[in-house]
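**Q** Sequence first, predicted model second:
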Amino acid sequence: MSTAPFSPDWTKKYAADPYAVLGVAVTADERRILKRYRQVAKQLHPDIQATQAEGGREFANEVLTRLVNPAYQRLKQDKGRSETLATLRFKVRRLSREQKLSSRGDLAQQLRDSPEPEVDVFYEQALSTLSENQYSSHDVFVQQTTAIAELNLIYLRRKMGDPVIREKRTGLVSSATVQQTVSVTAENGTSAPVSGPPVNYAQRHISRAKAYIANKKYAQAIQELRDAVRIESSNSDYHTMLGQVYLMNKMGGMAKVHIRQALKLNAQNAIALKYAKQLNIDLTDLNGDVKPKKSGGLFGRFAKKH
């Protein structure tokens, strides 16, 4: 641990984003937040830091008591998480309106430019990369926490176009999936049910899958995506997403099956083409119009980091 002292400026600098302080996703539920808090608190605990130099022990103790513990206190309750997200969204809107929402970090830039279907998965992968050694030293803490805070703002900016969302134990889901009918006041003053749009059951599975992915519950995400594929077996995007999650779950064989199927259904599916190249899938027997792209895709970006 670095012997550099704790900076009083950090209390103000990182106060707005306790998610960045803990190194946890803005989509995290209370269980995931608690798990991450315990990991960080254990790393910074005086008993673990006993062999470090005095400056390092002081730094760890100050960060734990003045940043990490308060961040957890704010996020452990629903009300605190709701207020924090509201504050962050307001900040995103203000910075966007003033054209001051920057993305200086490499990962934040890539998230800003990611295709819409890749946003959630890329965000989780980028966050995992940044938070892995977040508290390994003074300098790394400053660099990684600042990068995570920036990543969170870009992610929220990308999600601004979504319907109003609410937190679930498995993450954030669209409120449109919660209630398919609403009540309006009729002319006689009574409430009359009004039918909502037709239920898209496949999309419900996709929404739940995204929530599971956000919380790294890949087995559950796979099951939801398989259900979506059963309902809409000719949807190339669904097969692509299923292939992505299989790959995240280290099931390369199944990933190849669904990426191949995605390209059979849509030979120009750009995301599927990226993963086909990464998985070394032979495209010649799929469709004569399938041409590999140069990009290494979502996981290729992270492979280059190591």
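**A** Here it is on my side, so go on.
**Q** Tell me, please, the helix or strand in the protein that averages the lowest pLDDT.
**A** The weakest-scoring helix or strand in the chain, judged by mean pLDDT, DSSP states H and E, is strand 181-185 (a mean of 33).
**Q** any idea which helix or strand carries residue 33?
**A** Here residue 33 sits within helix 30-44, counting by DSSP states H and E.
**Q** Which positions within that helix qualify as buried?
**A** Buried residues in helix 30-44, counting neighbours by 16 or more other CB atoms under 10 Å, are found at 32, 33, 36, 37, 40, 43, 44. Backbone N, C-alpha and C define where each C-beta goes, glycine included.
**Q** Just the local confidence number for the third one, please.
**A** Read it as residue 36. You'll see residue 36 listed with a pLDDT of 94.
**Q** In contact with it, which residues?
**A** Counting by CB atoms under 8 Å, 6 or more residues apart in numbering, residue 36 touches 22, 23, 24, 28, 131.
**Q** Looking at those, point me to the pair that's furthest apart.
**A** 28 and 131 (11.4 Å; CB to CB).
**Q** Okay, and which of the contacts of residue 36 map to strands?
**A** Here DSSP state E is the test, and the contacts of residue 36 give no hits in strands at all.
**Q** Buried only: go through those residues for me.
**A** 22, 23, 24, 28, 131.
**Q** nearest to residue 203, of the residues you listed?
**A** So of the buried ones among the contacts of residue 36, ranked by how close each gets to residue 203 (CB to CB), first place is residue 28, at 23.2 Å.
**Q** what does whichever helix or strand residue 238 is part of rub up against?
**A** Following DSSP H and E, one finds residue 238 within helix 236-248. Identification of contacts with helix 236-248 by CB under 8 Å, 6+ apart yields 117, 121, 202, 206, 209, 213, 218, 221-222, 225-226, 228-229, 232, 252, 254-259, 261-263, 265-266, 269, 271-272, 275, 279, 298-299.
**Q** Pull up the gap between the closest residue to residue 101 other than its chain neighbours and residue 140, please.
**A** Leaving out its chain neighbours, the residue that sits closest to residue 101 by CB to CB, 6 or more residues apart in numbering is residue 95, at 3.9 Å. Here residue 95 is placed at a distance of 26 Å from residue 140 (CB to CB, to the nearest Å).
**Q** need the contact list for residue 16.
**A** Residue 16 neighbours (CB under 8 Å, 6+ apart): 87, 88, 91, 149.
**Q** one step back: among the buried ones among the contacts of residue 36, which ones are in helices?
**A** Those of those mapping onto helices are 22, 131, per DSSP state H.
**Q** can you redo the buried ones among the contacts of residue 36 as JSON lines with pLDDT?
**A** As requested, the buried ones among the contacts of residue 36 are exported to JSON lines (pLDDT from 0 to 100):
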{"residue": "22", "pLDDT": "96"}
{"residue": "23", "pLDDT": "96"}
{"residue": "24", "pLDDT": "95"}
{"residue": "28", "pLDDT": "90"}
{"residue": "131", "pLDDT": "92"}
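**Q** and residue 104, that one's in a strand?
**A** No - Residue 104 is assigned coil when assessed by DSSP: H, G, I helix; E, B strand; the rest coil, not a strand.
**Q** now it: how far from residue 235?
**A** 37 Å.
**Q** who's more crowded, these two?
**A** The neighbour count for residue 104 versus residue 235, taken as other CB atoms under 10 Å, is higher for residue 235 (17 against 9).
**Q** Surely that one touches residue 266?
**A** No - using CB atoms under 8 Å, residue 235 is not in contact with residue 266; the gap is 9.1 Å.
**Q** List the residues that are in contact with both of the two.
**A** What both residue 235 and residue 266 touch, as defined by CB under 8 Å, 6+ apart, is an empty set.
**Q** hmm, back to that, helix or strand right after the helix holding residue 238?
**A** helix 252-265.
**Q** Show me what the helix or strand harbouring residue 146 packs onto, helices and strands only.
**A** Applying DSSP H and E as the criterion places residue 146 in helix 138-158. Applying 3 or more CB pairs under 8 Å, 6 or more residues apart in numbering; DSSP states H and E, one finds that helix 138-158 contacts helix 18-22, helix 78-97, helix 106-113, helix 119-131.
**Q** In JSON lines, list those along with distance to residue 58.
**A** Below are the helices and strands packed on helix 138-158 laid out as JSON lines (distance: least, CB to CB, whole Å):
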{"stretch": "helix 18-22", "distance to residue 58": "18"}
{"stretch": "helix 78-97", "distance to residue 58": "28"}
{"stretch": "helix 106-113", "distance to residue 58": "31"}
{"stretch": "helix 119-131", "distance to residue 58": "23"}
